[in-house]
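Student: One predicted model, sequence on top.
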Protein chains: 2
Amino acid sequence: MNQTINILVVEDDNDINQLLCKIIKKSQYDPQPAYSGTEALLYLDKQNWDLILLDLMLPGMEGEQILAKITEKGSIPVIIISAKNEKETKINSLRSGADDFISKPFDVDEVSARIDSLLRRYKHTNETSNQELIHKDIHLDAESKTVFVNGNKIMLTVREYKILILLMASPKKVFSKSNVFESVWGEPFHGDDNTVNVHMSNLRNKLSKVNPKEEYIETIWGMGYRMKS
Amino acid sequence: MNQTINILVVEDDNDINQLLCKIIKKSQYDPQPAYSGTEALLYLDKQNWDLILLDLMLPGMEGEQILAKITEKGSIPVIIISAKNEKETKINSLRSGADDFISKPFDVDEVSARIDSLLRRYKHTNETSNQELIHKDIHLDAESKTVFVNGNKIMLTVREYKILILLMASPKKVFSKSNVFESVWGEPFHGDDNTVNVHMSNLRNKLSKVNPKEEYIETIWGMGYRMKS
DNA sequence: GCTTTTCTTAAGCTTTGTTTTAAGCCTTTC
DNA sequence: GAAAGGCTTAAAACAAAGCTTAAGAAAAGC
């Protein structure tokens, strides 16, 4: 049960990277150093990270690009650690999906406290990746990001896939439109929006194309959507 | 559907409090100023807060005590805003359950960005309020938004569902029509309205369709409604 | 840069839910 | 035990939520 917590440390400076890893180890977490942007990207897809520490100034690739890749990938908590200390950098990072911003030079204990604080809240969120979800004759393989209905592979777009994985991860739960929007799009929902409907409709079509008799996703009027059991 | 987000602003300085409220309003959230620790505590239990901004230096009561009360109460996200800028204060706050620490003087845009960042995550995680309400043979599961009477699933509309959850959450309490209306509809009640009656009737019908002998909701003449024990 | 795919927006339409209306039914009070 | 006021109910009118389609915009892929 005592699962290890994996933290990716993206920082080109050798000494600082080692220092960060040391801090992390001291708190009983499992650090993985990455010394460049490209190295970071390699690790990114390789496993599920519980948290990422990211330096914004990297050789080869800008930290901002990495941040974009991370947020695109899912909802991994990110702490930016940077010497680029201007207001704009800070705010842009936070707006782009970072959860915290620590300025260099940093205080060892503060870094540790902020890591703990973030993990305390979000430890339990990232548990659904890297497994196979099954519901009726839908098989969703999270690792290869493929979906089979009745043995037939179907091609979903990113949005459709994310909606499906959300619903399938908690098959009894009812997700409101705003739930869905905020989980899948990662931004606040403003009520007059039709795009969830459209994607839901498209997803349903793709699912039922294979097996027209079956209804997979049900609508709970005024409440939202749920996998039909 | 488009729920408001309530933010409690605990800060004794009038100008700063107003400034913070202004920032919050600009982001379409709903701020509530509290100018002292005691005032903050009053508000704390009064409703469910999505986020709390907390100044550490308050007259009468120390901010640390408030923080303790907040974390004790549940998992409301807290951002500390403080002029006490020493390392120890920062780290203690974070270790005591705060999610972020902003030093005074603060930058308006940074505050805004950090609020958004925290809410973005919090709203995803806080949806697992998986509670089940039981009254006689009625089982109400909040996560799946389903209601069972004597083991049989019954289909309720949103209004009916909300009325039932209200009554079942406080089964001994008598709810006046205006109570019900204001809780379920979220707007002030004007006495000459019959709609609560209608929905109550429909709800009773659906409940007693399964089990006609049982009376679940009783009318207290001139007072309101209550779950019948 | 051009092509292809995917996403978003908007409109019209269908389904479902809500409110109003109004008649009749209980309780209470005098 | 009749009048008054509150409560219930059923049905009609209305409103809202959801679905589908198609077309333009944006993004991704080549």
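Tutor: Done, it's in. Everything quoted here is computed from the prediction, not taken from an experiment.
Student: How about the contacts made by the closest residue to DNA strand C within chain A?
Tutor: Per C-beta to the nearest atom of the strand, A:T157 is where chain A lies closest to DNA strand C, at 2.9 Å. Where you see a C-beta, it was placed from the backbone N, CA and C, and this is true even at glycine. If a contact means C-beta atoms under 8 Å, 6 or more residues apart in numbering or on different chains, then A:T157 has A:N202 as its contacts.
Student: Also A:M155?
Tutor: Applying C-beta under 8 Å, 6+ apart, the residues contacting A:M155 are A:K206.
Student: go again using 10 Å as the cut-off
Tutor: Contacts for A:M155 were tallied using C-beta atoms under 10 Å, 6 or more residues apart in numbering or on different chains; they are A:T146, A:V147, A:Y161, A:K206.
Student: Also A:W221?
Tutor: Each residue near A:W221 by C-beta under 10 Å, 6+ apart is listed here: B:M155, B:L156, B:T157, B:V158.
Student: Got the confidence number for the second one?
Tutor: Which is B:L156. For B:L156, the pLDDT comes out at 96.
Student: And for it, the neighbour number?
Tutor: Look at B:L156: counted by other C-beta atoms under 10 Å in any protein chain shown, it has 24 neighbours.
Student: May I ask which helix or strand encompasses the closest residue to it other than its chain neighbours?
Tutor: Nearest non-adjacent residue to B:L156, counting by C-beta to C-beta, 6 or more residues apart in numbering or on different chains: B:V147, 5.8 Å away. Per DSSP states H and E, B:V147 falls inside strand B:146-149.
Student: Render the CA-only coordinates of that strand in CSV, please.
Tutor: The C-alpha trace of strand B:146-149 is given here as CSV (Å, rounded to 0.1, in the frame of the first residue of the first chain):
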residue,chain,number,x,y,z
THR,B,146,-29.5,7.8,-7.5
VAL,B,147,-32.3,7.1,-5.1
PHE,B,148,-33.5,3.7,-4.1
VAL,B,149,-36.8,3.0,-2.3
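Student: Show me what that strand is packed against.
Tutor: Secondary-structure packing of strand B:146-149 (3 or more C-beta pairs under 10 Å, 6 or more residues apart in numbering or on different chains; DSSP states H and E): strand B:138-141, strand B:152-154, helix B:158-169, helix B:195-210.
Student: Direction included, what does the first one pair against?
Tutor: Read it as strand B:138-141. Sheet pairing of strand B:138-141 (DSSP bridges) gives strand B:132-135 (antiparallel), strand B:146-149 (antiparallel).
Student: Check whether the last one comes near DNA strand C.
Tutor: The one in question is strand B:146-149. No: on the criterion C-beta under 7 Å from any atom of the strand, strand B:146-149 is out of touch with DNA strand C, staying 13.0 Å away.
Student: residues of that strand that come out buried?
Tutor: Neighbour counts using 16 or more other C-beta atoms under 10 Å in any protein chain shown place B:T146, B:V147, B:V149 of strand B:146-149 among the buried residues.
Student: Count the residues that sit near A:L203.
Tutor: Other residues close to A:L203 by other C-beta under 10 Å number 23.
Student: how about it, what does it touch?
Tutor: When contacts are counted by C-beta under 10 Å, 6+ apart, A:L203 touches A:147, A:154, A:156-157, A:159-161, A:163-164, A:167, A:216-217, A:225.
Student: and the gap between it and DNA strand D?
Tutor: 9 Å (C-beta to the nearest atom of the strand, to the nearest Å).
Student: ditto for A:E11
Tutor: 26 Å.
Student: ok, that residue - contacts?
Tutor: A:E11 touches A:17-21, A:33-36, A:40, A:53-58, A:63, A:81-82, A:104, counting by C-beta under 10 Å, 6+ apart.
Student: Could you name the specific helix or strand carrying A:I24?
Tutor: Using DSSP H and E, A:I24 sits within helix A:14-26.
Student: so after that helix, what's the next helix or strand?
Tutor: Elements were assigned by DSSP H and E; along the chain past helix A:14-26, the next helix or strand is strand A:30-34.
Student: Can you list the helices and strands that that following strand packs against?
Tutor: strand A:6-10, helix A:14-26, helix A:37-46, strand A:51-55.
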